[in-house]
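Chemist: Sequence first, predicted model second:
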Amino acid sequence: MASKLLRLLTRRSIFCSPTASSAAGSSPPPPAEGTSAISSNFETDFSQLEPSEAFVATLRPDQKTLLPKVVEELRLFAYMGNYVPEKMSDYDWKRTMELKTITEKVTFWEYVALTQRRQKMKERRRTKFAIRFADDPEEVARYEAGGMGYGPNLHALVQNPFRMKERVRRIEGARVFHSMQIDAPKIAFDLQYMEGYSRRTQMELGSQIQYTISENFQAKRPLQLSFVNSPSGDFTEKWLSNTVGFYNAEQGQTILPDFTSKGIRETFPEDREVVYISRFARDVLDGPLRADVFGICVTMDMQRESLGAARRGRYRAVRLPIHKYVKWVSGPQYLPFPNLLNILRHVYSSGGDWHAAFHKFIAKRHLQPVSDEQRIINAAKRKQKIEAKKELIDVITNATGNS
């Protein structure tokens, strides 16, 4: 890292202008052999990361003053970082300008780089798939001659002629409606903390909610879902559109969960028994699901938000009987919402079989023991990544004078 910094300091285009160099009465040293080619390639690559003129025109005067410092930080990051984006869109720059500290910026830039890398991998798989399943020339000739030529872009065999999109939607909606008619347990997702989280956390939680809704539709005995304490204004609409989906597309006869700014007590009748699920609760939920409404806090629960929400709403807080039926040996005891809902749905359908539900829907990595040697190796890798990122942030901070 130190050797990289020394080489970087020789690049006076980062730290001082040619005018400042000539004013000091010094001439730049001759570049080493091969350095000009590396420098040229770096400048060409970095030009893809610089903000566009259209984006710069939208900035406020104070943001235009701050922009050169941010570009300087990004240049250092691009030269020394392990995960560097190939390009930065106007939206990426907009989010970058909203961040305050170098730590937040480095984390976001690495996120953009990893997202682009995953997208390229998807494109490669899609291209490989297209080549593998390309149309057979003989089938194309038969199709163009008016015959029954079969292929991805030609005629296709319908394996199940009764499986139509509208029919599937009606079946899914009928299942949800049946659960409503027989008064099955209701699931109330509490969104009261959502607006205060970082955008990354909001996107991760939104992705979980998307899978939760999708898997609930596919279940034979779905549960009725509702979202309570929704933030007012445009936040909920943008969050749904950008992360959750479903609500901004034509679904047709689908019963989607309702959103309301009211609490659980105001949403459901007063005579309904409400329990609030929190892994930090003292009481244990065991046996068949007897409560009418189960509150679930949409949070990572790192600060015991679920327990605080239960106390604030005066709900009875309960935790799942995980330690009674399984031995959790690895990883944080956090259940993603799709897994949590699958467990509750299985327990409801089976009349209280928590053992089978946990072993079916808890990831195997949490239940399988990890050897001490592997645990030490994993801890060393995590420590190395954290130290490398901290060193990179310190270098950028010291080199730019920003914080």
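Modeler: In hand now; what should we look at?
Chemist: When you work out contacts or count neighbours from here on, use the C-alpha atoms and nothing else.
Modeler: OK.
Chemist: Check which residues of stretch 177-190 are buried.
Modeler: Within stretch 177-190, the residues that qualify as buried by neighbour count (16 or more other C-alpha atoms under 10 Å) are F177, H178, S179, A184, P185, K186, I187, A188, F189, D190.
Chemist: Any chance of TSV for the residues you listed, columns secondary structure, distance to R126 and pLDDT?
Modeler: Converted to TSV, the buried residues of stretch 177-190 look like this (DSSP: H, G, I helix; E, B strand; the rest coil; distance: C-alpha to C-alpha, whole Å; pLDDT from 0 to 100):
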residue	secondary structure	distance to R126	pLDDT
F177	helix	38	85
H178	helix	39	86
S179	helix	39	85
A184	coil	42	87
P185	coil	41	91
K186	strand	40	93
I187	strand	37	94
A188	strand	38	95
F189	strand	36	94
D190	strand	38	94
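Chemist: Put together CSV for those residues, with distance to S241 on each row.
Modeler: Shown next, in CSV, are the buried residues of stretch 177-190 (distance: C-alpha to C-alpha, whole Å):
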residue, distance to S241
F177, 25
H178, 28
S179, 27
A184, 29
P185, 28
K186, 24
I187, 22
A188, 20
F189, 18
D190, 18
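Chemist: Correct me if wrong, but A357 is in a strand.
Modeler: No: assessed with DSSP: H, G, I helix; E, B strand; the rest coil, A357 is helix; it does not lie in a strand.
Chemist: measure it to L344 for me?
Modeler: Counting by C-alpha to C-alpha, to the nearest Å, the gap from A357 to L344 is 8 Å.
Chemist: With neighbour numbers in mind, choose between the two.
Modeler: Comparing A357 with L344 by other C-alpha atoms under 10 Å, the one with more neighbours is L344, at 23 against 20.
Chemist: Tell me which residues touch that one, please.
Modeler: Residues counted as contacts of L344 (C-alpha atoms under 8 Å, 6 or more residues apart in numbering) are A357.
Chemist: Provide a list of residues in contact with the residue positioned nearest the centre of the chain.
Modeler: The residue lying closest to the centre of the chain (C-alpha atoms, centre = their mean) is E204, at 3.2 Å. Under the criterion of C-alpha under 8 Å, 6+ apart, E204 has no contact partners.
Chemist: One more: A310?
Modeler: With C-alpha under 8 Å, 6+ apart, A310 has these contacts: Y276, R316, A317.
Chemist: how about it, secondary structure?
Modeler: Assignment for A310 (three-state DSSP): helix.
Chemist: Which pLDDT value belongs to the residue nearest to the centre of the chain?
Modeler: Per-residue confidence (pLDDT) for E204: 90.
Chemist: that older thread, would a markdown table of the contacts of A310 with secondary structure, distance to L340 and pLDDT be doable?
Modeler: Shown next, in a markdown table, are these (three-state DSSP; distance: C-alpha to C-alpha, whole Å; pLDDT from 0 to 100):
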| residue | secondary structure | distance to L340 | pLDDT |
| --- | --- | --- | --- |
| Y276 | strand | 13 | 96 |
| R316 | strand | 18 | 94 |
| A317 | strand | 16 | 95 |
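Chemist: on that earlier part again, before we move on, which element is the residue nearest to the centre of the chain in?
Modeler: Remark: E204 resides in helix 199-218, with elements defined by DSSP states H and E.
Chemist: Below-threshold pLDDT in this structure: ranges please.
Modeler: Applying pLDDT under 70 to the chain flags residues 1-44, 133, 135, 161-163, 248-253, 403.
Chemist: bridging residues for F259?
Modeler: Counting by DSSP bridges, F259 is bridged to F227.
Chemist: hang on, it packs against L225?
Modeler: No: using C-alpha atoms under 8 Å, F259 is not in contact with L225, being 9.6 Å away.
Chemist: Looking at the two, which has the bigger crowd around it?
Modeler: Neighbours per residue, other C-alpha under 10 Å: of F259 and L225, the larger number sits with L225, 23 against 17.
Chemist: what are the bridge partners for V275, then?
Modeler: Beta-bridge partners recorded for V275 (DSSP bridges): F294, R316.
Chemist: Against D353, how distant is it?
Modeler: V275 is 19 Å from D353, by C-alpha to C-alpha.
Chemist: again, but for F129
Modeler: 42 Å.
Chemist: Ok, S306 next?
Modeler: 25 Å.
Chemist: Which one's more surrounded, the two?
Modeler: Set side by side, S306 and D353 show more neighbours around S306, with 26 against 18, by other C-alpha under 10 Å.
Chemist: what's the helix or strand for the more buried one?
Modeler: Element membership for S306 (DSSP H and E) is helix 305-313.
Chemist: Run the angle between that helix and strand 186-190 for me.
Modeler: 100 degrees (axes from the mean of the first three to the mean of the last three C-alpha atoms, to 10 degrees).
Chemist: how near is the residue nearest to L154 when sequence neighbours are not counted to G151?
Modeler: Nearest residue to L154, sequence neighbours excluded (C-alpha to C-alpha, 6 or more residues apart in numbering): Y143, at 7.0 Å. Distance of Y143 to G151, computed by C-alpha to C-alpha: 9 Å.
Chemist: residue contacts, R365?
Modeler: Neighbouring residues of R365 by C-alpha under 8 Å, 6+ apart: S330, G331.
Chemist: Then the one 3 residues further on?
Modeler: Q368 makes contact with V329, S330 under the criterion C-alpha under 8 Å, 6+ apart.
Chemist: again, but for L191
Modeler: L191 is in contact with F227, V228, N229, S230, P231, C297, V298, counting by C-alpha under 8 Å, 6+ apart.
Chemist: From those, which land in strands?
Modeler: Here DSSP state E is the test, and these give F227, V228, C297 as lying in strands.
Chemist: Surely the second one is in contact with D190?
Modeler: What it means is V228. Yes: counting by C-alpha under 8 Å, V228 does reach D190; the two are 5.1 Å apart.
Chemist: Next, the contact list for S214, please.
Modeler: Contacts of S214 (C-alpha under 8 Å, 6+ apart): none.
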